[in-house]
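In: Have a look; sequence and predicted model below, questions after that.
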Amino acid sequence: MRWETVIGLEIHAQLATNSKIFSGASTAYGASPNTQACAVDLGLPGVLPVLNEAVVRMAAKFGLAIGASVASRSVFARKNYFYPDLPKGYQISQYELPIVQKGLVNIEVDGEEKTIRITRAHLEEDAGKSLHEDFQGLTGIDLNRAGTPLLEIVSEPDMRSGKEAVAYMKKLHSLVRYLEICDGNMQEGSFRCDANVSVRPKGQSELGTRTELKNLNSFRFVERAINFEIERQIDLLESGGEVVQETRLYDADNNQTRSMRSKEEANDYRYFPDPDLLPLVIEPGFLEQVKAQLPELPNDKKQRFMEQYGLSLYDASTLTSSRELADYFEQTVNESGSEAKLCANWIMGDLTAFLNKNNLEITDSPVTTSQLAGLLRRIMDQTISGKIAKQVFEALWSGEGEADSIIEKHGWKQVTDSGAIEQLIDEILVNNPKQLQQYRDGKEKLFGFFVGQVMKASKGQANPGQVNELLKKKL
Amino acid sequence: MIIFHESMQYKTLVELSHALQQRECSSVELTRYFLERIERYNTELNTFITITSESALAQATAADERLAKGTSHALTGIPIAHKDIFCTQGVKTSCGSKMLDNFIAPYNATVVEKCQAAGMVMLGKTNMDEFAMGSSNETSFYGSVKNPWDTGAVPGGSSGGSAAAVAARLTPVATGTDTGGSIRQPAALCGITGLKPTYGRVSRYGMIAFASSLDQGGPLGQSAEDVALMFNVMAGFDERDSTSLNHPPEDYTAHLNDSLKGLKIGLPKEYFGDSLDAQIGQTLEAALKELEQAGATLHEIHLPHTHLAVPVYYIIAPAECSSNLSRYDGVRFGYRCENPNDLMDLYQRSRSEGFGAEVKRRIMIGTYALSAGYYDAYYLKAQQIRRLIRDDFTAAFKQVDVIVGPTSPTPAFNLGDKIDDPIQMYLSDIYTISVNLAGLPGLSIPMGFVNQRPVGMQLIGNFLTEARLLNIAHQYQQRTDWHKQSPPDLV
């Protein structure tokens, strides 16, 4: 039996406004518990919600960026259920008429492009936090987060593998950061993902029973959880069992999903339009304004990079995965007047490696674009070899100054004087008669040995191209 | 010179204001006077849940300073009582419920802020049906309020405490709220004047919610003129209430003396059926004659969906209240049961013990009406019919300027008569409920007595026509003196 996986994702992105969706309290992360929850957020008797305009702007931006229709009229609805971190006993959300309807996002997996449809995106308020540890048999409730604006983005079940799901999630993550509507900080909970997973026999059009996976707070966990769940469901079905529709939590420590609650027991939310809020009416003028303020979107930037800089799809995708990285790249190209490919390699290679090792973002890079540009210029004008350049880079990273002063200080200028190189070659050949004889007898592999010896003798500063040429002549 | 004797209680707001402005008496003296009356009569009438004597005197002192400086408002120094549904900072705000018996509001409702800014002096918080659900003030955790005209009778509800307090002259004016008739019906049963404004005219911020699309706060007083003066303070846009009308309020006293010549009065055929007490019908006829003599003409109109108003209301209001009352869960404030075993126990016992029977009844009805499988048949359908009810009025107002009818189908009934029969109780609101469903303004004024109990006439206007309604009422009150009468035993 061949199985097909069907996956849909629900993503909650916290919108990066200063104040909450329905009150003026601050949304800043990390405050002491219950110091950023005003009367409205606490659901005190008599309080009323008032919509934050910035939130609407951000949702509209998102809608336009995915080519969706931004509803000229959408309605806030109450989602009723009881939980201590939901002060009013209902969440203000959107139900029948969401603000964003029907958009598209393109993803690349293994070099192939695929379109994922987005069913809808709607606005809602976040609940507070329940803290189950640290309180000896009780639960601590922190309502700072209550009322933070969320954009819930729902995809069609268009994904067919964990890989596709992650690609989609990464695409959205990048997009919301590009649009500056969400900081995408998954550790802080600003970008959360639930996955709906089901399997069906290949060729069947009817969907299988799906489970909802929660607690997926990194890209890696999403992929692992989905893969585990797919296996679990297939095993279950192949042994004659049935998949139960339920919510399952991902347990990262054991790499498995565990049942949380059955969807059958799930609440009837009794949605109805919130009578404390008017329908949200968006005028064409407002949308025009938002459209005019849209930045260059990742897809367009990627295309432009490919055309303008002659980069490959892979390189362009990687460099445009974040706005900051793309900006860093372009600035470096401009400042060094260098070959785009050279820039791309250094940024995607050494720079990224150093950033990752030190857990830094591109915005925290101690090597500025002009410093990197300085380094690249010296590579291009052959002042230093590629190998030496790596040492110069390390020095740049450590804050030793600019490329030129580093090269000067360490005496790392590339040796390009043929005479000097020839001298070195002659020395090596004299000191290694056995290998020389073996080479001349036919052991061609030894060429690399000689190159290595010359480079070593020159402390890596000999121009490799010239070494090769001259060695060939002498051998 | 202090003019201070028993007749102070009969003075109109204009007269009191004048006396204060002219320094004929001070606000402190006036406040003491009413506090003394409250002390004398509240035990029997049970109109107040909280009496704020100390802060009242402090507020009165401050008012006197403003009056001396000449920086006062027309109502500076005038005492007022607030229905215990309005949040008052630092003062218990119970909503007539055990659930909020321990709740000290940390902020002021907009209505309270406005009265404070005008320099009015709060005497205390008045009794009410629990969470504004009731038509007799018998569901209050703090016990029933008695009708000052006959202490065996109900004062009406849910603003029973406010209405009785004004009727008994324990306060010159009071605030109330009206969701299905809760200002107008008690005003009628207590022989005073009460106004439910156009929906959105008065801010709901700080006014504990019962049914959000129906609730409106409004004034209760001895006369249309007094109510107009109070309404000037209460009306206005509030950015903290998204349903507040962003439309400038007027001076509601400006047109009190306009002539009624040419006024077209609509009499809905549907209001004059069998459920109307015959004597009330007769009293109303006499009242209408007065209005005709003032220059108005009478016209029969039809409001064909009238018979659906009560069923529609008793789906929409409970639905909204079931959601609005979810926040009372024993977690952050209000009543919490003792030693809860777990979360479910905390919720179940706190709410079962904290809420009274009528509140629980409406929460259950409302939850049912919104539940999966029933939403379309009940809530959605009710909202659609609501539109038809409103359309009835829209059509009527093309033919007439104001619609008149009785406020209540019966005079005040006896305590205990209907409390065990919810449906009977609900039918007390038969004339007032459509007005809330349509969002229109409605004013009740006294028009006589039946079996020695007051009865009221209701004036219904088109959106934002409160000034006109007050004008009609004022002209009627120039020609009659029902509004000047007060309960004989209370002197």
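Out: Thanks, I have the structure now. Residues are numbered from 1 along each chain as shown, chains lettered A, B, ... in the order given.

In: Spell out which parts of chain A neighbour chain B.
Out: A:39, A:42-51, A:78, A:80, A:82, A:84, A:87-90, A:141, A:268, A:270-272, A:275-278 (CB under 8 Å from any CB of the partner chain). In short, each C-beta sits where N, CA and C put it, glycine included.

In: Can you find the helix or strand of the chain with the lowest average pLDDT?
Out: Since you didn't name a chain, this refers to chain A. With mean pLDDT, DSSP states H and E as the measure, the helix or strand of chain A carrying the lowest mean pLDDT is strand A:256-262 (a mean of 78).

In: ah, no, chain B please
Out: helix B:422-426 (a mean of 85).

In: Now do that helix: everything it contacts.
Out: By CB atoms under 8 Å, 6 or more residues apart in numbering or on different chains, the surrounding residues in contact with helix B:422-426 are B:134-136, B:310, B:314, B:358, B:361, B:418-419.

In: could you redo the last one with a cut-off of 10 Å?
Out: B:134-136, B:138-139, B:154, B:157, B:180, B:310-311, B:313-314, B:357-358, B:361-362, B:365, B:413, B:417-419, B:433 (CB atoms under 10 Å, 6 or more residues apart in numbering or on different chains).

In: Could you check how far the residue of chain B found nearest chain A is from residue A:27?
Out: Taking CB to the nearest CB, chain A has its nearest neighbour within chain B at residue B:326, 2.5 Å off. Distance from residue B:326 to residue A:27, counting by CB to CB, to the nearest Å: 24 Å.

In: how does chain B divide up, domain by domain?
Out: Domain assignment for chain B, taken from automatic domain parsing, gives B:6-261+B:407-484, B:308-379.

In: In CSV, list the ones you listed along with mean neighbour count.
Out: Converted to CSV, the domains of chain B look like this (neighbours: other CB atoms under 10 Å in any protein chain shown):
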stretch, mean neighbour count
domain B:6-261+B:407-484, 23
domain B:308-379, 19
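
In: contacting residues for the one residue in the stretch 351-475 of chain A that gets nearest to chain B?
Out: Residue of the stretch 351-475 of chain A nearest chain B, by CB to the nearest CB: residue A:363 (37.8 Å). Applying CB under 10 Å, 6+ apart to residue A:363 gives the contacts A:322, A:324-325, A:327-328, A:355.

In: excluding its backbone neighbours, what's nearest whatever residue of the stretch 301-450 of chain A ends up closest to chain B?
Out: In the stretch 301-450 of chain A, the residue found nearest to chain B is residue A:323; the distance is 35.0 Å by CB to the nearest CB. Excluding its sequence neighbours, the residue lying closest to residue A:323 (CB to CB, 6 or more residues apart in numbering or on different chains) is residue A:178, at 4.8 Å.

In: Hmm, the one you found is touching residue A:66, no?
Out: No: taking contacts as CB atoms under 10 Å, residue A:178 lies outside contact range of residue A:66: 11.7 Å.

In: So if I had to pick from these two, which one is more boxed in?
Out: residue A:178 (25 against 20; other CB atoms under 10 Å in any protein chain shown).

In: re the thing from before, which residues outside the least confident helix or strand of chain A are in contact with it?
Out: Against strand A:256-262 from outside (CB under 10 Å, 6+ apart): A:195, A:197, A:211-216, A:224-226, A:228-229, A:231-233, A:244-251.

In: quick one: strands adjacent to it?
Out: strand A:246-251 (antiparallel) (DSSP bridges).

In: follow-up on the earlier one: these two touch, right, the residue of the stretch 301-450 of chain A closest to chain B and residue A:177?
Out: Yes: Residue A:323 lies in contact with residue A:177 (CB under 10 Å); the separation is 6.5 Å.

In: Spit out the residues that contact those two alike.
Out: Shared contacts of residue A:323 and residue A:177, counting by CB under 10 Å, 6+ apart, come down to residue A:298.

In: Just the buried residues out of the contacts of strand A:256-262, in PyMOL syntax.
Out: Those of the contacts of strand A:256-262 that count as buried under 16 or more other CB atoms under 10 Å in any protein chain shown are selected in PyMOL with:
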select buried, chain A and resi 195+197+211+212+213+214+215+216+224+225+226+228+229+232+233+246+247+248+249+250
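
In: So which of the contacts of strand A:256-262 belong to helices?
Out: Among those, the members found in helices (DSSP state H) are A:224-226, A:228-229, A:231-233.
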